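Peer 1: My questions are about this predicted structure, shown below with the sequence.
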Amino acid sequence: MSEHWEHYENKLKHENFNPKEFVQQLCKNLDNAQDLYSVKKVVEGIKQTHATDLKKNVYKNYGQFIQTSKEITYLEAEMYKLGHLLTEQKALISSLTDDNITSEKNEALDISITEDLSIAKICELVQGAGVLHDIPGRKMIHNGNLVELGEDERHIRLFLMNDCIMSAAPTKSAWMSEAYKMVDLLELKNVTVMDVQDQKLCFKVTQYPANMFLYRAETEQKRIEWVSLIKRAQQDLKEAVGDRPDIELKQSRDEMIEGTWEENQRRAKFRIEALLELPEQLDVCIAQRDFENAVRKLRDAKPDIAKLDQSNHGPEIKARIDSRLRQLTEMLTEVNMGSGMYAHGKASKKPVKQLLLLEKVTQATSLFLRNKSTNLKMSIRRIKMEGTMTLYITKLSQTFFSTVAAVGTEFKAVFSNTEAGCMPSYVSWVESELEWFADMFSRQVFPQGSVVGHGVAGECVSIALKHADQLSMNGLDISFLMSRLLQPGISETLKRNHIQIMEASQLRAKEEHWKKCEFSRQTGDIKKLDDLLKTYNVDLSKYCVSTGDDKIYVTLCHSVISFVRSFHSYLNDAKKMYNVRVKKQLIDSITSCLQFQAFQLKLAPPDEEIRTVVSSSDMFMNKEFIPAVITFLETQVTQQPVPQIRSILDMNDML
């Protein structure tokens, strides 16, 4: 069998091997199917052996490739280090020939910070430095005052730690517990530090991919010290990372069954390498504002992140990824969707969709509603102040409430699949937008220091409340909230109108001649007065005296008829603006108006010539008009008894 094996193996290895001739030769030399089956088994064995050898060679070559890559990386680092050492030596020699250079000192930065500060102490001194606790084992190496050069020079404090560099600016308020506020936090492995040849005392720190920071030290010695310490910390960090054991991922029972232990280990190492590269990939996506790709990478890596072991630097990898996740979330949340590329169409939903994919529901709802608020205000500002006040309020209310209702429908569709209840956010947004609408409405309808026409304010309030009913389709009843927001303007309007009626009544009482009123049939004034009183079920015909000519006499004095007309306009306006919050004010105003007009009739002169007109007017007020007003209020306005107004009738009977 071994002879046949070697024979066939040599033929298969031959350079001029021809499969067709090989098969034909076998068929000629073999006697039966059993022999052919034996040759088949030999060829299959050769195939499996060579396949196994090929796999071993691949794994061996892969290991050699990894080792060679590490050696190349090490040599590159050594060359880089050697180049910088030469640069430092050259700078040191040139500095020895220069005169002593003095630099400006900032007394505000003279704070006693020592080299042996703990991370907890730094967090107390620097506002916003709480993120330093994310990485266990972090410690401070060096700190000092520098000047950051850019568009504007500013004094900063630079903190060098074993894995990052933090810059902090002094706070403006001396009474604050934190002396500094964090400005930048750079990962040490992602930065490059180098000298600036054309500027003395300066060195440059570049962060991949695009950030560059230029610092100026007080003296050349301090500049050299900063550069050397940063490079030494980078080298120590690189050695610490290179010597650490491989990070193992949690292996589920199903994975262990599917393949051998070696295969699962290779898969775990591959996933670890991907996770180690993920922060840098996210930095590139964020710098290029490729948010969709960044979100996709995070979602793809989510299962592997969940399997990271809590030991062997697992928390460190999670902390770095979480830092990028926070940065990505902040940038998506700060996107202005009211203009630019996110202005219209499906593009306006992209940042919200990406936040939902990241499971940042709170930020997604905030961004969605903030964008809708901007669009709503822009739509309101496009409405032109043309025509009457009621026409403008109609356009304003229709635009506002239809938009708010549409936002509610879209909000339900976008956030329908989220586990957390998001409707409270929408309700809170509606309340804030309604406050803004009420403020704009009040400035137009209830202006300070000016008076709108009778009936206009009530008509505008009625229009706004009618359009507000659109929100009932989304399950929101905002009538009570609208009443609360408009209540100050309604109260002021009722008070103003009440004062006008009282002043007009007093003026008419002084000018009253106590004569019956004369009307012409052609003018139609008597018809208008009759229609007005029919609103209260009062018959005017019993007080009318017709003559043969075109004239009609009404046995009511002029002040009573004028009062009825103005009071009807006031009452109709109050009906449209009425709510329970202004009930007491409205009843008090109506009571005082009716009581004043009825009392004026009691003060009429006791002349026989005017007795008929005074008596008829008094009967009209106490027996017809006031009871009709009481019925109107109880049935169409307050829907409750008004005993305070009924007391006017009892008082008049006593008088």
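Peer 2: Everything's here; your move.
Peer 1: Flag the helix or strand of the protein with the lowest per-element mean pLDDT.
Peer 2: helix 253-258 (a mean of 44; mean pLDDT, DSSP states H and E).
Peer 1: Centre of the chain to the helix or strand containing K181, how far?
Peer 2: Per DSSP states H and E: K181 is located in strand 180-187. How far strand 180-187 lies from its chain's middle: 25 Å, per Cα atoms, centre = their mean, to the nearest Å.
Peer 1: partner strands of that strand, parallel or antiparallel?
Peer 2: strand 126-127 (parallel), strand 164-170 (antiparallel) (DSSP bridges).
Peer 1: Format the ones you listed as a markdown table; extra columns: mean pLDDT, distance to E239 and mean neighbour count.
Peer 2: To be clear about C-beta, it is placed using only N, CA and C from the backbone, and glycine gets the same treatment. A markdown table is the format used below for the strands paired with strand 180-187 (pLDDT from 0 to 100; distance: least, Cβ to Cβ, whole Å; neighbours: other Cβ atoms under 10 Å):
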| stretch | mean pLDDT | distance to E239 | mean neighbour count |
| --- | --- | --- | --- |
| strand 126-127 | 84 | 28 | 20 |
| strand 164-170 | 89 | 17 | 21 |
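Peer 1: OK, contacts around V613?
Peer 2: 514-516, 555-557 (Cβ atoms under 8 Å, 6 or more residues apart in numbering).
Peer 1: Repeat that for A457.
Peer 2: Contacts of A457 (Cβ under 8 Å, 6+ apart): 445-446, 489-490, 493, 573, 577.
Peer 1: rerun at 6 Å
Peer 2: 445, 493 (Cβ atoms under 6 Å, 6 or more residues apart in numbering).
Peer 1: Would you mark the buried spots in the helix or strand hosting it?
Peer 2: Taking DSSP H and E as the definition, A457 sits inside helix 456-468. Within helix 456-468, the residues that count as buried by 16 or more other Cβ atoms under 10 Å are 456-465, 467-468.
Peer 1: Looking at those, which one is closest to K412?
Peer 2: A468 (19.2 Å; Cβ to Cβ).
Peer 1: Give me the neighbour count for V427.
Peer 2: Counted with other Cβ atoms under 10 Å, the neighbours of V427 add up to 14.
Peer 1: what about it, distance to Y553?
Peer 2: V427 sits 62 Å away from Y553, going by Cβ to Cβ, to the nearest Å.
Peer 1: ok now the longest strand seen in the chain, how far from the chain's centre?
Peer 2: Ranked by residue count and defined by DSSP state E, the top strand of the chain is strand 140-149. Strand 140-149 has its C-alpha centroid displaced from the chain centroid by 36 Å (Cα atoms, centre = their mean).
Peer 1: Run through the helices of the stretch 151-300 of the chain in chain order.
Peer 2: If DSSP state H, counting those that start in this stretch is used as the criterion, the helices of the stretch 151-300 of the chain fall at 220-243, 253-258, 261-287, 291-306.
Peer 1: Out of these, which gets the lowest mean score?
Peer 2: Note on the helices of the stretch 151-300 of the chain: helix 253-258 shows the lowest mean pLDDT, a mean of 44.
Peer 1: neighbouring contacts of the longest strand of the chain?
Peer 2: 109, 113, 117, 153-161, 214-216, 229, 233.
Peer 1: can you rerun that using 8 Å?
Peer 2: In contact with strand 140-149 (Cβ under 8 Å, 6+ apart) are residues 106, 109, 113, 115-119, 122, 153-162, 167, 202, 213-218, 222, 225-226, 229, 233.
Peer 1: quick one, that strand and strand 164-170 angle?
Peer 2: Per axes from the mean of the first three to the mean of the last three Cα atoms, to 10 degrees, the angle that strand 140-149 makes with strand 164-170 is 50 degrees.
Peer 1: quick one, helices of the stretch 551-655 of the chain?
Peer 2: In the stretch 551-655 of the chain, the helices defined using DSSP H, counting those that start in this stretch lie at 558-577, 583-602, 611-619, 626-632, 643-654.
Peer 1: want to try TSV for these, with distance to N371 as columns?
Peer 2: Below are those laid out as TSV (distance: least, Cβ to Cβ, whole Å):
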stretch	distance to N371
helix 558-577	34
helix 583-602	41
helix 611-619	64
helix 626-632	48
helix 643-654	51
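Peer 1: check contacts around the closest residue to A464 other than its chain neighbours.
Peer 2: Nearest residue to A464, sequence neighbours excluded (Cβ to Cβ, 6 or more residues apart in numbering): S397, at 4.8 Å. Listed by Cβ under 8 Å, 6+ apart, the contact set of S397 reads 463-464, 466-468.
Peer 1: how about these in JSON lines, adding distance to F596 and pLDDT?
Peer 2: Formatted as JSON lines, those follow (distance: Cβ to Cβ, whole Å; pLDDT from 0 to 100):
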{"residue": "I463", "distance to F596": "32", "pLDDT": "88"}
{"residue": "A464", "distance to F596": "32", "pLDDT": "88"}
{"residue": "K466", "distance to F596": "34", "pLDDT": "87"}
{"residue": "H467", "distance to F596": "38", "pLDDT": "86"}
{"residue": "A468", "distance to F596": "36", "pLDDT": "85"}
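Peer 1: For those, give me JSON lines that also has distance to D184.
Peer 2: JSON lines is the format used below for those (distance: Cβ to Cβ, whole Å):
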{"residue": "I463", "distance to D184": "55"}
{"residue": "A464", "distance to D184": "51"}
{"residue": "K466", "distance to D184": "55"}
{"residue": "H467", "distance to D184": "51"}
{"residue": "A468", "distance to D184": "49"}
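Peer 1: ok so, going back, closest one to S483 among the strands paired with strand 180-187?
Peer 2: strand 126-127 (44.7 Å).
Peer 1: now the residue nearest to S616 when sequence neighbours are not counted: how far from M619?
Peer 2: Among residues not flanking S616 along the chain, T555 sits closest, at 4.2 Å (Cβ to Cβ, 6+ apart). Noted for T555: a distance of 10 Å to M619, by Cβ to Cβ.
Peer 1: These two: who's more crowded?
Peer 2: Set T555 next to M619 and count neighbours by other Cβ under 10 Å: T555 wins out with 19 against 16.
Peer 1: Run a quick check on the more buried one versus K542, I expect a contact.
Peer 2: No - contact criterion Cβ atoms under 8 Å: T555 and K542 do not qualify, at 9.2 Å.
Peer 1: Pull the number of nearby residues for L532.
Peer 2: Neighbour tally, L532, other Cβ under 10 Å: 17.
Peer 1: Let me see the contact set for it.
Peer 2: Applying Cβ under 8 Å, 6+ apart, the residues near L532 are 564-565, 568.
Peer 1: re the thing from before, in CSV, please show the C-alpha coordinates belonging to the helix holding A457.
Peer 2: Taking C-alpha atoms only, helix 456-468 is exported to CSV below (Å, rounded to 0.1, in the frame of the first residue of the first chain):
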residue,chain,number,x,y,z
VAL,A,456,-63.0,91.3,18.4
ALA,A,457,-61.3,89.8,21.5
GLY,A,458,-64.1,87.3,22.1
GLU,A,459,-64.2,86.2,18.5
CYS,A,460,-60.4,85.7,18.4
VAL,A,461,-60.5,83.6,21.6
SER,A,462,-63.4,81.5,20.2
ILE,A,463,-61.4,80.9,16.9
ALA,A,464,-58.3,79.8,18.9
LEU,A,465,-60.3,77.4,21.1
LYS,A,466,-62.1,75.9,18.1
HIS,A,467,-58.8,75.1,16.3
ALA,A,468,-57.3,73.7,19.6
